[in-house]
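**Q** Just to be clear, the model below is a prediction. Sequence and coordinates:
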Amino acid sequence: MTLYVDADACPVKEECIRAAERLGVPIKMVCNGGIRPYPNPLVETVFVTEGPDEADKWIAERAGAGDVVVTADIPLAAKCVAAGARVLKHNGEALSAANIGMALATRDLMADLRSADPFRQGGGKAFSKQDRARFSSALDRLLRGAAR
């Protein structure tokens, strides 16, 4: 089992590292750059070439059954779910075969709404302490479940 983290703009990198250390799980922090390598031997920082979705492609090519992927990218999550990996969003929401279709449809609908109204401002809600706590708890459960 490997924990893959889509590390560019990931707000829960430290929580991922703490969970991996606690449970002895190897972790791959995949990014285009901008983060420093971690001294822990369980944590491998993978730098991919710059370009759109290069980190996503790298993760999608490797994640599979028994692995856990942390990402907010819904298309990447769909590929990982299809490959048998367990996927967790930054807010602690698990994505699976049962709900990934709805997540993709919602993403596409929101993209259409944004493109239809160029003056639409704002984004989603701010990342909260509750989101961080929910993520940490969900990640522990997911890692323990994948280890079985």
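**A** It's in.

**Q** Which SSE is immediately downstream of the helix or strand bottoming out on mean pLDDT in the chain?
**A** Every helix and strand in the chain was compared by mean pLDDT, DSSP states H and E; the lowest is helix 100-116, with a mean of 73. Note on helix 100-116: by DSSP states H and E, the next helix or strand toward the C-terminus is helix 129-147.

**Q** And the most centrally placed residue in the chain, how close does it get to residue 81?
**A** Compute the mean C-alpha point of the chain, and by Cα atoms, centre = their mean the closest residue is residue 71, 1.6 Å away. Residue 71 sits 11 Å away from residue 81, going by Cβ to Cβ, to the nearest Å. Yep, even glycine has a C-beta here, placed from its N, CA and C like the rest.

**Q** Which residues are in contact with each of the two?
**A** Common neighbours of residue 71 and residue 81, using Cβ atoms under 8 Å, 6 or more residues apart in numbering, are residue 87.

**Q** circling back to that earlier point, across the sheet, point out what pairs with the closest residue to the residue nearest to the centre of the chain other than its chain neighbours.
**A** Leaving out its chain neighbours, the residue that sits closest to residue 71 by Cβ to Cβ, 6 or more residues apart in numbering is residue 6, at 3.8 Å. Per DSSP bridges, residues listed as beta-bridge partners of residue 6: residue 30.

**Q** correct me, but residue 6 touches residue 57?
**A** No - under the criterion of Cβ atoms under 8 Å, residue 6 is not in contact with residue 57, lying 11.0 Å apart.

**Q** Which one's more surrounded, these two?
**A** Just comparing residue 6 and residue 57: by other Cβ atoms under 10 Å the higher neighbour count belongs to residue 6, 22 against 16.

**Q** Contacts only, for the more buried one.
**A** 30, 55, 56, 59, 69, 70, 71, 72, 73, 76.

**Q** which element is residue 4 on?
**A** Assigned by DSSP H and E, residue 4 belongs to strand 3-6.

**Q** Which SSE is immediately downstream of that strand?
**A** helix 13-23.
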